[in-house]
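1. here is a sequence with its predicted model. Questions after.
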Amino acid sequence: MKLLAIVGTNAPFSYNRFLAKFIAKRYAEKADIEVREIDDIKPFCRTEEPDEATKKWIEDIKNADGIILTTPEYDHSIPAALKSALEWLGSHAGPNVMKMKPAAVVGTSYGVQGSSRAQEDAREILLSPDMSANVLPGNEILIGGAARNFDKESGDLTDEASIKQLDAMMDNFVNFVAQANK
């Protein structure tokens with residue numbers, strides 16, 4: 001099973017990058033999980049064709065059995081770079097690669113709400129008619145206090161309660177992807 005853990009920001013430093021890498025490392029025996037950055041994807045414009053980096057993004061998503069989106073929260077929503085990257089995957093952009101693609105949304109933030117509003121926005125985008133992704137229901141991972149819940153040297157998540165929730169979510173997601181791809 002091939003999964004992509006998408007770093008939902010183009011920021012040079014992000015605890016969500018730590019989260020994506022932690023997921024790829026911790027659950028490597030459950031699936032082949034590749035961490036995918038979005039910083040090289042050009043801004044979406046409906047009247048322009050995708051460049052080579054953007055074409056690779058579309059192909060990477062198309063070839064994955066499922067995606068795990070890690071998103072920070074900027075001004076109560078997802079980062080603009082993530083929204084733009086997702087726009088390249090919608091049916092209005094042509095490729096329609098997200099139709100029924102299994103997806104999970106997780107995130108961490110400095111505040112106590114753990115990117116809850118951004119995650120809700122991401123789910124709404126993924127479920128929209130232009131995307132029609134198959135989003136894992138009932139599994140919210142809201143890791144607040146990112147600066148104290150990740151080891152800054154290793155990048156590992158250190159909060160045991162969050163790890164336990166992430167373990168359960170990943171078990172559910174791997175089963176969800178397997179069922180969706182039967």
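-> That came through, no problem.
2. what sits closest to residue 33 if chain neighbours are left out?
-> residue 24 (4.2 Å; C-beta to C-beta, 6 or more residues apart in numbering). From N, CA and C alone the C-beta is placed, and that goes for glycine too.
3. that neighbour is in contact with residue 34, isn't it?
-> Yes - at 6.9 Å, residue 24 counts as touching residue 34 under the criterion of C-beta atoms under 8 Å.
4. tell me the contacts of residue 92?
-> When contacts are counted by C-beta atoms under 8 Å, 6 or more residues apart in numbering, residue 92 touches 46, 130.
5. which SS state does the residue of the chain most remote from its centre fall under?
-> Largest separation from the mean C-alpha position in the chain: residue 47, at 26.0 Å (C-alpha atoms, centre = their mean). Classification of residue 47 by DSSP: H, G, I helix; E, B strand; the rest coil places it in coil.
6. A helix includes the residue nearest to residue 33, no?
-> Yes - assessed with three-state DSSP, residue 24 lies in a helix.
7. poorly predicted segments of the protein, please.
-> 95 (pLDDT under 70).
8. helices along that one, start to end?
-> According to DSSP state H, the chain carries its helices in the segments 15-26, 52-63, 80-87, 116-127, 146-149, 160-180.
9. isn't residue 149 up against residue 161?
-> No - using C-beta under 8 Å, residue 149 is not in contact with residue 161; the gap is 9.5 Å.
10. tell me the centre residue of the chain?
-> Geometric middle of the chain (C-alpha atoms, centre = their mean) lands on residue 69, at 0.7 Å.
11. gap between it and residue 20?
-> 9 Å (C-beta to C-beta, to the nearest Å).
12. joint contacts of these two?
-> Counting by C-beta under 8 Å, 6+ apart, the residues touching both residue 69 and residue 20 are residue 6.
13. give the contact list for the residue nearest to residue 33.
-> Residue 24 neighbours (C-beta under 8 Å, 6+ apart): 5, 33, 34, 35.
14. of those, closest to residue 105?
-> Among the contacts of residue 24, residue 5 lies closest to residue 105 (C-beta to C-beta), at 11.6 Å.
15. what's the closest non-adjacent residue to the closest one?
-> Leaving aside its chain neighbours, residue 5 sits nearest to residue 20 (4.0 Å; criterion: C-beta to C-beta, 6+ apart).
16. how much space separates that neighbour from residue 80?
-> As judged by C-beta to C-beta, residue 20 and residue 80 stand 19 Å apart.
17. and if you look at residue 109?
-> Using C-beta to C-beta, residue 109 is found at 16 Å from residue 80.
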